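Trainee: Sharing a model that was predicted from the sequence below.
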Amino acid sequence: MGKSIGTPRSRFGLLVATSMFVTSTLPAQPAATSDRTEPLLETGDTGDAASVTPPSPRETSEPASDETDPEVEATFSAEELTPQDYRDVAPPGSKAPPPNRARNVVGPSDPEPEDIYLLVPRTVLLLPRLTLDAVFFPVRGLAVLVDEYHLVEHVQDVLYNDARTAAIVPTLGYQNEYGFTAGLKAFHDDVLGNGEEASISAQYGGLYQQAYKLKFEGDEVAHSPLWLQAALRYEFKPGVLFWGIGNRSLSEAGPEPVDPRAAAIETRYRENRSMASLLVGETIRQEDQSVQLGMMGIYNRRRFGPSTRNFNEPSLEEAYDTSQLVGYDEGVDVLELGPVVVFDSRDQRVLSSRGNYLNSFASYGIPFGQDQGFWHYGVTAATFINLYKRSRVLSLRTVLEAVHGDDAELPFTDLMRLGGADRLRGYGSDRFREHLSFVATAEYRYPIHDLVAGEAFVDAGRVGPRYRDVFALSNENPLRVGAGLGLVVHNQEDVLFKAEAAYGDDLTLFFATSPLEVFSERHKRL
């Protein structure tokens, strides 16, 4: 007599598994007409007998042993069903369960609440999406080649260190009012081991004849709550645009200089600027959101004069009475001090797909050589709505900024401005200037490729001397609207390149390459 195989339960389990394996290998036989229900082995699956592991050849060919086979014991443990739990005959009157009650069968589900309330924006944004598909079709093909040959990685291998935390990179920018700006930037974005960035940069051409900047910033310096930002900057701008003060339509220069509030004439002036800023505060982080509280001080020293290049536009003093521009003839030295509060719940700082952002500040400006100072405050709020898989995103942004003080002692450079790449695209840089400014933006981002995204946007804004002039529904102070398309080249962490074309009162083009700050901080600027 051969030796028995383990316990009665294990012998039964092996018998069942062997019979199922043999049955599954036999040719199919015609089904007999019967009311009997075929036995179904409950394996915790959908009843597929093939999911039961058959005995291996070693188990069937080797002599049996008194010891329980570990594989059999693992498959048929004490917690498994006993033979009495298996039923050869289904209970009388039993029926197959409906499809929505069957195990491991996925049926159609009800729409998610998120899909319902996003139906309208998805429908409205269908046309911009199709437009982006058509406009950026050639770009998608180029991006495929860049991705296929890993060109971005090859460039990073040359410019960055092995840890990808430091590099010396070229920068390039373009604005159709100023031309091309080129430069170099050296940076390290993990100086103290917690994402602190230190950088030095130089730029030439376009807006700047020369510009230099030294910067350090960290939200939680050296893994502490310390929020620290410091910057030193020098700029020499040979032909800054000035369009008068107010919200007037453009006009031609007259034979005599006029009051800057009387007409909007496109002119240029020279500016030398030195700036130093320091912000010290605390970052309070909780789960996926943070609050930052700090005090900021900014010192600006500006000197002005006639433009030093041959531009098509006249120099400022030829069209305007500079005695009506506070600070133009004698220069401006201003120190601003005040608190800053920031709330951030975005999922990521670059190409955010969900969350909210709020930045507010209030400061008191002290002009050197003047008897009275002025109040300066502002708030920007942005929300990001994930329309589909974090790739199709609708962002909404509003910015309000104001200054209050004696007009006779308020420098013209400290008036609020609209127009340009940061606010109110489709209009010239600093096209409108007044005590108060407000702008609202809606922007839709759509993926073209893993490394490329397209944007469609609309900006609307207005300046005015008082709140009722900014928010009143009146044609006397018209609302300015600009719209356009943009192209963003990026990797997983940074925006590498961005170009935008917008139309408001004229076609404007913006183009920039800078690895850590192109337009990616637009929602943080005030």
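Mentor: It's in.
Trainee: what does the domain assignment say about the chain?
Mentor: Annotated domains of the chain cover 8-100, 225-493 [automatic domain parsing].
Trainee: Please tabulate those in JSON lines, including the columns mean neighbour count.
Mentor: Yep, even glycine has a C-beta here, placed from its N, CA and C like the rest. Compiled in JSON lines, the domains of the chain are given as follows (neighbours: other Cβ atoms under 10 Å):
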{"stretch": "domain 8-100", "mean neighbour count": "11"}
{"stretch": "domain 225-493", "mean neighbour count": "18"}
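Trainee: Can you flag the weakest of those domains by average pLDDT?
Mentor: If the domains of the chain are sorted by mean pLDDT, domain 8-100 sits at the bottom with a mean of 46.
Trainee: Show me the helices in this structure, by range?
Mentor: 8-25, 57-61, 70-75, 113-117, 119-124, 126-135, 137-148, 151-159, 316-319, 467-471 (DSSP state H).
Trainee: list the contacts for the spatially most central residue of the chain?
Mentor: Nearest to the geometric centre of the chain sits residue 351, at 2.1 Å (Cα atoms, centre = their mean). Neighbouring residues of residue 351 by Cβ atoms under 8 Å, 6 or more residues apart in numbering: 393, 445, 453, 488, 490, 495, 520.
Trainee: Pick out whichever of these sits closest to residue 224.
Mentor: Closest approach between the contacts of residue 351 and residue 224, by Cβ to Cβ: residue 520, at 25.4 Å.
Trainee: any idea how far residue 286 is from residue 344?
Mentor: 11 Å (Cβ to Cβ, to the nearest Å).
Trainee: ditto for residue 333
Mentor: When residue 333 is compared with residue 286 (using Cβ to Cβ), they lie 41 Å apart.
Trainee: do residue 387 as well
Mentor: Distance from residue 387 to residue 286, by Cβ to Cβ: 27 Å.
Trainee: just to revisit the earlier point, could you dump the contacts of residue 351 into TSV with distance to residue 472 added?
Mentor: Shown next, in TSV, are those (distance: Cβ to Cβ, whole Å):
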residue	distance to residue 472
393	33
445	33
453	37
488	36
490	40
495	37
520	34
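Trainee: So which of those is the closest to residue 320?
Mentor: residue 520 (35.9 Å).
Trainee: What are the buried residues along stretch 185-197?
Mentor: Within stretch 185-197, the residues that count as buried by 16 or more other Cβ atoms under 10 Å are 185, 187, 188, 189, 191, 196, 197.
Trainee: Distance from it to the middle of the chain?
Mentor: 20 Å (Cα atoms, centre = their mean, to the nearest Å).
Trainee: Now residue 370: phi and psi?
Mentor: Dihedral pair for residue 370: phi -110, psi 150, per degrees, to the nearest 10.
Trainee: didn't residue 184 look like it was pressed against residue 199?
Mentor: No - contact criterion Cβ atoms under 8 Å: residue 184 and residue 199 do not qualify, at 10.7 Å.
Trainee: and these two? which has more neighbours close in?
Mentor: A count of neighbours by other Cβ atoms under 10 Å puts residue 199 above the other of residue 184 and residue 199, at 19 against 13.
Trainee: Residue 339 - nearest residue in space that isn't next to it in sequence?
Mentor: Using Cβ to Cβ, 6 or more residues apart in numbering and skipping the chain neighbours, the partner closest in space to residue 339 is residue 295 (5.7 Å).
Trainee: Identify all residues paired with that neighbour through a beta bridge.
Mentor: Beta-bridge partners for residue 295, by DSSP bridges, are residue 280, residue 339.
Trainee: wait, isn't it in contact with residue 361?
Mentor: No - using Cβ under 8 Å, residue 295 is not in contact with residue 361; the gap is 10.1 Å.
Trainee: got any residues that touch both of these two?
Mentor: Joint contacts of residue 295 and residue 361 (Cβ under 8 Å, 6+ apart) are 338, 339, 340.
Trainee: which one of those is nearest residue 173?
Mentor: Of those, the one sitting nearest to residue 173 (Cβ to Cβ) turns out to be residue 340, at 27.1 Å.
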